[in-house]
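Q: take a look and give me a structure for this.
(chains A and B)
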There are 2 protein chains.
Amino acid sequence: MIVELISVGTELLLGNIVNTNAAYLSEMCARRGLSLYYQTVVGDNWERMAETIRTALGRSDILLITGGLGPTEDDITKEVVAQVMGRRLLEDKHTRERIQAYMEAYAASAGLKEIPENNWKQAQIPEGARVLDNENGTAPGLILDDGGKHVILLPGPPEEMRPLFEEQVYPYLGELSQEVIVSKMVKLCGIGESSVAEMAADLIAAQSNPTIATYAKVGEVHLRITAKAETEQEARKLLKPLVREVKLRFGPYIYSTEEKGTLEGSILDLLNDKGLTLVTAESCTGGMLASRIINVPGASEVLKAGLVTYSNRMKRKYLGVKKSTLKTDGAVSEKTAREMARGGCEQTEADVCVAITGIAGPDGGTEEKPVGLVYIGCCAAGKIKVKRFQFTGGRAKVRSQSVSAALTLLRECVLEQYYHS
Amino acid sequence: MIVELISVGTELLLGNIVNTNAAYLSEMCARRGLSLYYQTVVGDNWERMAETIRTALGRSDILLITGGLGPTEDDITKEVVAQVMGRRLLEDKHTRERIQAYMEAYAASAGLKEIPENNWKQAQIPEGARVLDNENGTAPGLILDDGGKHVILLPGPPEEMRPLFEEQVYPYLGELSQEVIVSKMVKLCGIGESSVAEMAADLIAAQSNPTIATYAKVGEVHLRITAKAETEQEARKLLKPLVREVKLRFGPYIYSTEEKGTLEGSILDLLNDKGLTLVTAESCTGGMLASRIINVPGASEVLKAGLVTYSNRMKRKYLGVKKSTLKTDGAVSEKTAREMARGGCEQTEADVCVAITGIAGPDGGTEEKPVGLVYIGCCAAGKIKVKRFQFTGGRAKVRSQSVSAALTLLRECVLEQYYHS
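A: Coordinates of the predicted model:
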């Protein structure tokens, strides 16, 4: 089956936002075993959108259309699709009730007196369409089947689109395809993409079924191994030898083999299993590390506190960094990172503390200590390890790389001190 | 003049990489005053790429094609374009010399003995094409003019494409375009997208030149007003009355009229202007608020510390929340938010403290205090204001909405206490 993506939105054509939806949906389609030949972005314009949809219907079996389902007059995707497919728009009672409930909750918190009239537009559904309830917004997803073609509409905001896709569209796509695709994710940290490619070069060159693909993420590399077969059992059988080989080669770098496994989640599991507590001490990343950890449900069992100590005074007050260290070595130094990590444990009585201090830029760099210089310290079971990094890129990139590196070091120290000893 | 983007690459269709080139080029084209109606992604496939190029030539004046100029057999963009436009490929002596020089330097550093044979493919140029020297790789950019159509080929890697575009293509596009486009961004917080749409319904309905468009962001709405004219001065003149009207209608909600203005940046400016210091106290958002603030360069002047106090014990230790409050009202309550905000100021001697406590889910909710319930407190000049929110969506969405709401409340309190009094 051939799938085609259409992303609707003038904000994409103006370059206001990056089309991350297309990358996400393409990856999910590849995983589902669907061939994808075209991605198109078109604006909120009736004629051009209609033309794009007609062209896509002529050459593909499944259309995944995102965006343009909002309550404003600009949002016309549903209307255009209904016209192209010759369907009337009718109010869906169920959707109207859901909008009512959603908006009442929202109106109360936003201090609105009543629900804006244009929101009801979102309860209009093309006749015969299957409605996909949206738990994170008022625009439902829609599936229209017609003469062997399948048109799927999804809201544009990723935080609405992704859960809708994962929970309701991905299983539906599975029903459409005749083949069974099974894939296994292997997630690595502490190793670069080119090293992975080199270590797996023979496997990549020899791939046919199963296939092996690498995805570079910030501070991580993901390997997906995918097999196609007529039955799930057969596909799993095909998968097994290659998965075993990959695990053998990349063992120590593997933090998860779960599709939804995250580096921070795997670390919390390690800490939780041993009943250990954690504290974070951040300078240039300013809460980004704590925030990533706290995004894991149940993080409260492990993370005692997160301390963002941007100024020297706060580094002294909350982490007990010595005045003399800050004076002689500076805030961005091996010694400060070491004292921050030790101080974090001492001040909060946590078992483990990971600390970050660096220069995220754009200002503050010198010849000796350029922008991107970051020291990361980790104290576990009283043992402290500090690593020095020289990252490239802008402020946001330096910060996100620092967070990934801190998690990688944290995992390494926890394994060394509490697991391998 | 109408421009169209074509991004070539199977890695885009597999979702291995995000198409940041498209966002970058779209923004640059908008700035140059070119209308862009379509972006297409197509794989390294001769028929589909040829079809895509022919379609684009039929409806647009300028084609910007990125990717597929590399040395491998998969890279066929130049060959397809030459065929579609009826040009022969000829070796370009100048380009061959440049490849030689580039590869000799690279070969030395990479330990290669000789230049791989397939690299010479990159010296083949469609007859009559203008060659754009690439300082960061071996694939040159190319411009082909034919019957009023302009086809521009650029390498795919952003670090090669961007400098090539900026230095050689952007000025070329300026020569082609007759119109000038000027746009003004107006960024709002504390008001929902549908309310904005309603309040601006007449302006949106009446738009032609200038146009007005709304963009919904988490906790924010952005309005872009855009005018086209023959000269920049004329465009600015067209823009003025509508911008004035928008400012009049949305006055108190406007936090910035700068393209790159952020809510957190505007708040730091307000605090900085009065020499005020800030501290954040976070529970469920766990550092996300501090992290957003610290992403603003120079935030260190204002933000004294960020305290992530996830547990009751840490709320008491770092923020002085009373044991009795936690016992009678609970950690997620109006009173706790109030004490967190006051305690943050007292403990760190900051002028302003914004505090967040809530239930991000998926667990921890009760009938009385459901998932998504968040209290946000702000203490400014000793005055404390607390707001209650009931957010919807998953853990990540509840957290990001909380951060936006906290910034909005923070802005409100700072304006009230230090500006309007």
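
Q: rest of the way, CA atoms for contacts and neighbours
A: Fine.

Q: can you name the farthest residue from the center of chain A?
A: Outermost residue of chain A with respect to the C-alpha centroid, by C-alpha atoms, centre = their mean, is A:S324; its distance is 41.4 Å.

Q: next, that residue: secondary structure please.
A: In terms of secondary structure, A:S324 is helix; the call rests on DSSP: H, G, I helix; E, B strand; the rest coil.

Q: pLDDT at the spatially closest residue to A:E220 that is not a sequence neighbour, what is it?
A: By the measure of C-alpha to C-alpha, 6 or more residues apart in numbering or on different chains, the closest residue to A:E220 outside its immediate chain neighbours is A:C189, 4.7 Å from it. A:C189 is assigned a pLDDT of 96 by the prediction.

Q: what sits against A:I225?
A: Going by C-alpha atoms under 8 Å, 6 or more residues apart in numbering or on different chains, A:I225 touches A:S183, A:K184, A:M185, A:P210, A:T211, A:I212, A:A213, A:L239, A:L242, A:V243.

Q: I meant A:L36, not that one.
A: A:I2, A:V3, A:E4, A:L5, A:S26, A:C29, A:A30, B:L13, B:L14.

Q: which of those lies closest to B:Y172?
A: Proximity to B:Y172 was ranked across these by C-alpha to C-alpha; first place goes to B:L13, at 30.0 Å.

Q: burial measure for the closest one, as a count.
A: Residues lying near B:L13 (other C-alpha atoms under 10 Å in any protein chain shown) number 29.

Q: who touches the strand or helix carrying A:H94?
A: Taking DSSP states H and E as the definition, one finds A:H94 inside helix A:93-110. Applying C-alpha under 8 Å, 6+ apart, the set of residues contacting helix A:93-110 from outside is A:113-115, A:119-120, A:122-123, A:133, A:137-138, A:140, B:191, B:388-391.

Q: before we move on, back to that, drop anything exposed from the contacts of A:I225.
A: Using 16 or more other C-alpha atoms under 10 Å in any protein chain shown as the burial test, these include A:S183, A:K184, A:M185, A:P210, A:T211, A:I212, A:L239, A:L242, A:V243 as buried.

Q: which of the three states applies to the closest residue to the fourth one other than its chain neighbours?
A: Taking C-alpha to C-alpha, 6+ apart, and ignoring the residues beside it in sequence, A:P210 has A:A227 as its nearest neighbour in space, at 4.2 Å. The local conformation at A:A227, judged by three-state DSSP, is strand.

Q: then A:R313?
A: Of the three states, A:R313 takes helix according to three-state DSSP.

Q: what's around it, how many residues?
A: Summarising burial for A:R313: neighbours were counted as other C-alpha under 10 Å, giving 16.

Q: for the residue of the stretch 151-300 of chain A found nearest chain B, give me its contacts.
A: In the stretch 151-300 of chain A, no residue comes nearer to chain B than A:G287, which is 3.9 Å away by C-alpha to the nearest C-alpha. Under the criterion of C-alpha under 8 Å, 6+ apart, the neighbours of A:G287 are A:G306, A:L307, A:V308, B:G286, B:G287, B:M288, B:L289, B:A290, B:S291, B:G306.

Q: same list (those residues) but as a markdown table, adding pLDDT, secondary structure and distance to B:K397.
A: What follows is the contacts of A:G287, written out as a markdown table (pLDDT from 0 to 100; DSSP: H, G, I helix; E, B strand; the rest coil; distance: C-alpha to C-alpha, whole Å):
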| residue | pLDDT | secondary structure | distance to B:K397 |
| --- | --- | --- | --- |
| A:G306 | 96 | strand | 21 |
| A:L307 | 97 | strand | 23 |
| A:V308 | 96 | strand | 23 |
| B:G286 | 93 | coil | 13 |
| B:G287 | 96 | coil | 15 |
| B:M288 | 97 | helix | 12 |
| B:L289 | 97 | helix | 13 |
| B:A290 | 97 | helix | 17 |
| B:S291 | 96 | helix | 16 |
| B:G306 | 96 | strand | 21 |
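
Q: of those, buried ones?
A: Listed as buried from these are A:G306, A:L307, A:V308, B:G286, B:G287, B:M288, B:L289, B:A290, B:S291, B:G306; burial here means 16+ other C-alpha under 10 Å.

Q: which residue packs closest to the fifth one, ignoring adjacent ones?
A: In space, B:G287 comes closest to A:G287 once its chain neighbours are excluded; the distance is 3.9 Å by C-alpha to C-alpha, 6+ apart.

Q: pull out the buried residues from the helix holding A:H94.
A: For helix A:93-110, burial by neighbour count (16+ other C-alpha under 10 Å) applies to A:T95, A:R96, A:R98, A:I99, A:Q100, A:Y102, A:M103, A:E104, A:Y106, A:A107, A:A110.

Q: reformat the residues you listed as a markdown table; add pLDDT and distance to B:M85.
A: Putting the buried residues of helix A:93-110 into a markdown table (pLDDT from 0 to 100; distance: C-alpha to C-alpha, whole Å) gives the following:
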| residue | pLDDT | distance to B:M85 |
| --- | --- | --- |
| A:T95 | 95 | 51 |
| A:R96 | 94 | 53 |
| A:R98 | 93 | 54 |
| A:I99 | 90 | 52 |
| A:Q100 | 89 | 56 |
| A:Y102 | 84 | 54 |
| A:M103 | 82 | 54 |
| A:E104 | 81 | 58 |
| A:Y106 | 70 | 55 |
| A:A107 | 68 | 57 |
| A:A110 | 60 | 57 |
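
Q: and of those, the nearest to B:P171?
A: Comparing the buried residues of helix A:93-110 against B:P171 with C-alpha to C-alpha places A:A110 closest, at 46.8 Å.

Q: quick one: low-confidence parts of the stretch 201-350 of chain A?
A: Along the stretch 201-350 of chain A, no part satisfies pLDDT under 70.

Q: show me where the stretch 151-300 of chain A has strands.
A: Along the stretch 151-300 of chain A, the segments classed as strands by DSSP state E, counting those that start in this stretch run A:180-189, A:211-217, A:220-229, A:254-256, A:278-282.

Q: single out the most deeply packed of the ones you listed.
A: Burial among these, expressed as mean neighbours by mean count of other C-alpha atoms under 10 Å in any protein chain shown, is greatest for strand A:278-282, which shows a mean of 29.

Q: what pairs with that one, parallel or antiparallel?
A: For strand A:278-282, sheet partners with direction are given as strand A:303-308 (parallel), strand A:352-358 (parallel), following DSSP bridges.

Q: domains of chain A?
A: With automatic domain parsing as the criterion, the domains of chain A are listed as A:2-176, A:180-256, A:263-419.

Q: quick revisit: who wins for neighbours among the contacts of helix A:93-110?
A: Neighbour counts for the contacts of helix A:93-110, by other C-alpha under 10 Å, peak at A:P140, which reaches 27 neighbours.

Q: residue contacts, it?
A: Listed by C-alpha under 8 Å, 6+ apart, the contact set of A:P140 reads A:T95, A:Q122, A:V131, A:L132, A:D133, A:N134, A:L154, A:P155.
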